[in-house]
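Asker: Curious how this folds, go ahead:
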Amino acid sequence: MSNPFAWIVEPLDPKQPLKKFFNLNKLGDARYARLPFSIRVLLEAAVRNCDDFLVKKEDVENILNWKVVQHKNVEVPFKPARVILQDFTGVPAVVDFAAMRDAVKKLGGDPEKINPICPADLVIDHSIQVDFNRGSDSLQKNQDLEFERNKERFEFLKWGSQAFQNMRIIPPGSGIIHQVNLEYLARVVFDQDGYYYPDSVVGTDSHTTMIDGLGVLGWGVGGIEAEAVMLGQPISMVLPEVVGYKLLGNPQPLVTSTDIVLTITKHLRQVGVVGKFVEFFGPGVAQLSIADRATIANMCPEYGATAAFFPVDDISIGYLVQTGRDKEKITCTRKYLEAVGMLRDFKNSSQDPDFTQVVELDLHTVVPCCSGPKRPQDKVAVSDMKKDFETCLGAKQGFKGFQIAPDFHNSKVKFTFEGCDFELAHGSVVIAAITSCTNTSNPSVMLGAGLLAKKAVEAGLTVKPYIKTSLSPGSGVVTYYLKESGVMHYLSQLGFDVVGYGCMTCIGNSGPLPESVVEAITKGDLVAAGVLSGNRNFEGRVHPNTRANYLASPPLVIAYAIAGTIRIDFEKEPLGINPSGKKIFLKDIWPTRSEIQAIEHQFVIPGMFKEVYQKIETVNKSWNALDAPSDKLYTWNPKSTYIKSPPFFDGLTLALQTPKSIEDAYVLLNFGDSVTTDHISPAGNIARNSPAARYLTSRGLTPREFNSYGSRRGNDAVMARGTFANIRLVNKFIDKQGPQTVHFPSGETLDVFDAAERYKQAGHPLIVLAGKEYGAGSSRDWAAKGPFLLGVKAVLAESYERIHRSNLVGMGVIPLQYLPGEDAGTLGLTGRERYTIIIPEKLKPQMNVQIKLDTGKTFHAIMRFDTDVELTYFHNGGILNYMIRKMAS
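Answerer: The predicted structure is shown next:
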């Protein structure tokens, strides 16, 4: 189909007439110059892809008219330039692609039509665990175990990279997805098929937003939605409000980018930015490096926005030079962005666009801080950490409370480790991890940690040997500059050896704690602590035995590891006492900003990036040696416990089925607020007494071979049993935490999966009741697929996290939302009722539907299908069914 905007196409350089771009300035529309820069990216994509079918002229007009229509729930399509996946979410995506090929063939279509049309990169970074953490051979040992546990998955992914066109796999051991994206994969400006256009990306990981720090518009979507984009479908989105976040001033000398992002996270949570874009502007932005901006953009999901955009400026262009990008491409990038009015000068306020609202932060007001003990938005100034934790100890069970009786606040438990006697108390640090793309991508905080380690060692300080310390860089470049600058040796002396290149502790792959430590924690019912430079610290995520988990900058991670406790006031109490009896305070070893900048300027150079990334796809010998099948249709192995053909398309026909009302549904689970995807679909270890463990045992596996839930996302039988299997699950039907519920027909308390199976066998549909922010946390498609397989037909909640609601829609599970001012309490719902949800014949976005209870009570709720496209998916039984019918017809 012809593009109605073809008339604005022109060459970027008259000397290269075949290299063109859509010159948005030729639209002659004054509204363009007033649009936020993030909205300009949406506009360009709509103009370039306009075919009056998937993208219409009225969509272009709506985006141009953003200032007027931003509050009106106007739906627009968006075709991102590319898709990025990590292996936990990537494996099920490739499994679905393989199963879709089978389904298309059964329906008489051509299975090879199922192929990524949009370029896709899959980075394997979620599989490695911290099994070994002491010694220079820890890295190799952990990588060997990674391959031993995941060989089957890796062979499958290698098959996918060969069977599917337009899909690139970055092998394990290369780095963390978002750091590899920032340092290597990001184009900033695409040069493809004869056109220049802005780079943009959606990813199957909520922290895809990190790339916004480089001026590449990106955000996380559900795996299901990403698969549709890979198949050439646009994302259907409500045109967002854009909050302008104005940065002023300069950070104080002792403040890190981590402190800034934790401050911004708390601030924007208070402002309320869920479902909105945040766009940074103001003179303070020019004070931040790209690594600093990327740290701030990375934690976008924690403050709830869809994207956290820093438009491209000269510092962004300088970063492309620093990371060894092609010089000619960098020249074209600048020229293109200038030509379309997308190159920003943050010191020039005349460039400031219109925003929905503006909020400000003076960077000089930021102080060193952590966040915790259970949520990333709960910022605590370092000076208040001791007092805050001791308050949390006795406070009522909740986000800021552990409900420990006052008589036990000073409990201590003695234990022996490696022949020496030690003591644990509430607040004792047992995990200290420099981990996560949030911080390991930032040379300033990594070199800051290295310099602090050097000064600590020289001062005679040590870390207790039972504390599980680890360093998992986001790319080989980090190891390179830590070694070249001479600080790696000191990090190792404090126990921070490189243990792997991947997410590791940040996603719960922290590995086991020493048995004597676990026994002491259990014996004393101690609130032990984990300190990590990550982005998530939800309860039960980091490790089952660390009930308090704090996010902190890499230098602070080391400081708390040396102290051995979070119950310390660094201003008044020493970190430790050296062998000569001298008290050493944190201020004595904290590096200055000028020290860090000098060493960064000297050692973080383009040659490092070029050397690491030019061999990234071939450097892993274990990956190269994998033998993968070459067939276009995957041959499923019925004995496999990792890769299994899913039942999503069983019985699928070309004809649509009319949606039916849900009659007499039981409530499977009754939740309060902030139930995360970690609660719904755990990614950590598989508990030995769980339904998933029983299934794997029945298949002949020993507990040592269980691996993690995340590694088994390609097997629906494991994942269905792992759904709602988090040990910290709080279900109102049960008087204690745990993955259980009441099966009402029998009155028995059962594991959630076992109860769901009984309901399913009896033909009873199920629903879930929840409070606010249902589905917060990482973007996990299994948090929607799992409930679907358990027989959950609908969720009734006060509010939803954006990606999770989209995933529920993608699986055909109905997201229902209480009317404003109503909730389970005001309606008097106990969850023990049976629910009939009336589905009308004619549906429209966000319509109210009637819910009848077996008690005779009736009320209404909003059916959260927000767009016509989402209704189309629902009529098809989900987005994948829609795509199969489209490809097979």
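Asker: which residues touch the residue most central in space within the chain?
Answerer: The C-alpha lying nearest the average C-alpha coordinate of the chain belongs to Ser206 (Cα atoms, centre = their mean; 3.2 Å). Each residue near Ser206 by Cβ atoms under 8 Å, 6 or more residues apart in numbering is listed here: Gly220, Pro301, Gly777, Ser778, Ser779, Ile803. (C-beta placed from N, C-alpha, C; glycine too.)
Asker: what's the answer for Gly812, then?
Answerer: Gly812 makes contacts with Phe788, Tyr873, Phe874, Asn876, Gly877, Gly878, Asn881, as judged by Cβ under 8 Å, 6+ apart.
Asker: Go through those and say which is closest to Pro647.
Answerer: Closest to Pro647 out of those is Phe788 (10.0 Å), distances taken as Cβ to Cβ.
Asker: quick one: what helix or strand has that closest one in it?
Answerer: helix 782-790 (DSSP states H and E).
Asker: Tell me the spacing between the spatially closest residue to Phe78 that is not a sequence neighbour and Gly318.
Answerer: The spatial neighbour of Phe78 that comes closest, neighbours along the chain excluded (Cβ to Cβ, 6 or more residues apart in numbering), is Ile235 at 4.8 Å. To Gly318, Ile235 is 31 Å away according to Cβ to Cβ, to the nearest Å.
Asker: Which of those two has more residues huddled nearby?
Answerer: Ile235 (18 against 13; other Cβ atoms under 10 Å).
Asker: Any regions of this structure where pLDDT drops low?
Answerer: The model of the chain has pLDDT under 70 over residues 1, 779.
Asker: how does it look with 50?
Answerer: For the chain, no stretch has pLDDT under 50.
Asker: The contacts of Gly812: which two are farthest apart?
Answerer: Phe788 and Asn876 (14.0 Å).
Asker: Let's see if you can find the most crowded of the contacts of Gly812.
Answerer: Tyr873 (25 neighbours).
Asker: any idea what sits nearest that residue, other than its immediate chain neighbours?
Answerer: Ile879 (4.6 Å).
Asker: Any idea how many residues pack against that neighbour?
Answerer: With other Cβ under 10 Å as criterion, Ile879 counts 26.
Asker: Show the contacting residues for it.
Answerer: Ile224, Glu225, Glu227, Ala228, Val809, Gly810, Tyr873.
Asker: C-alpha coordinates for stretch 647-655, CSV please?
Answerer: Below are the C-alpha coordinates for stretch 647-655, written out as CSV (Å, rounded to 0.1, in the frame of the first residue of the first chain):
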residue,chain,number,x,y,z
PRO,A,647,-1.3,-26.5,25.0
PHE,A,648,-2.3,-22.9,24.1
PHE,A,649,-3.4,-23.8,20.6
ASP,A,650,-5.0,-27.2,21.2
GLY,A,651,-8.3,-27.4,19.4
LEU,A,652,-7.8,-24.0,17.6
THR,A,653,-10.0,-23.6,14.5
LEU,A,654,-10.1,-20.8,11.9
ALA,A,655,-13.6,-19.9,13.0
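Asker: Flag every buried residue along it.
Answerer: Phe648, Phe649, Leu652 (16 or more other Cβ atoms under 10 Å).
Asker: Please work out how many residues are found near the nearest residue to Val238 once chain neighbours are set aside.
Answerer: Leaving aside its chain neighbours, Val238 sits nearest to Asn73 (5.4 Å; criterion: Cβ to Cβ, 6+ apart). As a burial measure, Asn73 scores 12 neighbours (other Cβ under 10 Å).
Asker: Mind telling me what element Asp664 is part of?
Answerer: With DSSP H and E as the test, Asp664 turns up in strand 662-670.
Asker: any idea how far the residue located most distally from the centre of the chain is from Gly747?
Answerer: Most distant from the centre of the chain: Ser580, at 46.1 Å, with distances by Cα atoms, centre = their mean. When distance is defined by Cβ to Cβ, Ser580 is 67 Å away from Gly747.
Asker: follow-up on the earlier one: which residues sit in contact with the residue nearest to Phe78?
Answerer: Pro77, Phe78, Lys79, Pro80, Val202, Val221, Glu225, Ala228, Val229.
Asker: try it again with 10 Å
Answerer: 76-80, 202, 219, 221, 225-226, 228-229, 806, 869 (Cβ atoms under 10 Å, 6 or more residues apart in numbering).
Asker: What is the most widely separated pair among those residues?
Answerer: Maximum distance among those (Cβ to Cβ): 18.4 Å, for Val76 and Ala226.
Asker: Neighbour count for these two, which is higher?
Answerer: Using other Cβ under 10 Å, the more surrounded residue of Val76 and Ala226 is Ala226, with 29 against 26.
Asker: Quick check: the more buried one touching Asp121?
Answerer: No: Ala226 sits out of contact with Asp121 when judged by Cβ atoms under 10 Å, with a separation of 11.6 Å.
Asker: Would you convert the contacts of Ile879 into TSV that also reports secondary structure and distance to Ala186?
Answerer: Putting the contacts of Ile879 into TSV (DSSP: H, G, I helix; E, B strand; the rest coil; distance: Cβ to Cβ, whole Å) gives the following:
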residue	secondary structure	distance to Ala186
Ile224	helix	24
Glu225	helix	21
Glu227	helix	22
Ala228	helix	23
Val809	helix	29
Gly810	helix	26
Tyr873	helix	30
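Asker: can you pull out the strands in the stretch 101-250 of the chain?
Answerer: Using DSSP state E, counting those that start in this stretch, the strands of the stretch 101-250 of the chain run over residues 120-123, 167-170, 189-192, 195-198, 200-203, 217-220, 235-238, 242-248.
Asker: Switch these over to CSV; also include distance to Asp631.
Answerer: Shown next, in CSV, are the strands of the stretch 101-250 of the chain (distance: least, Cβ to Cβ, whole Å):
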stretch, distance to Asp631
strand 120-123, 20
strand 167-170, 16
strand 189-192, 29
strand 195-198, 35
strand 200-203, 28
strand 217-220, 32
strand 235-238, 31
strand 242-248, 47
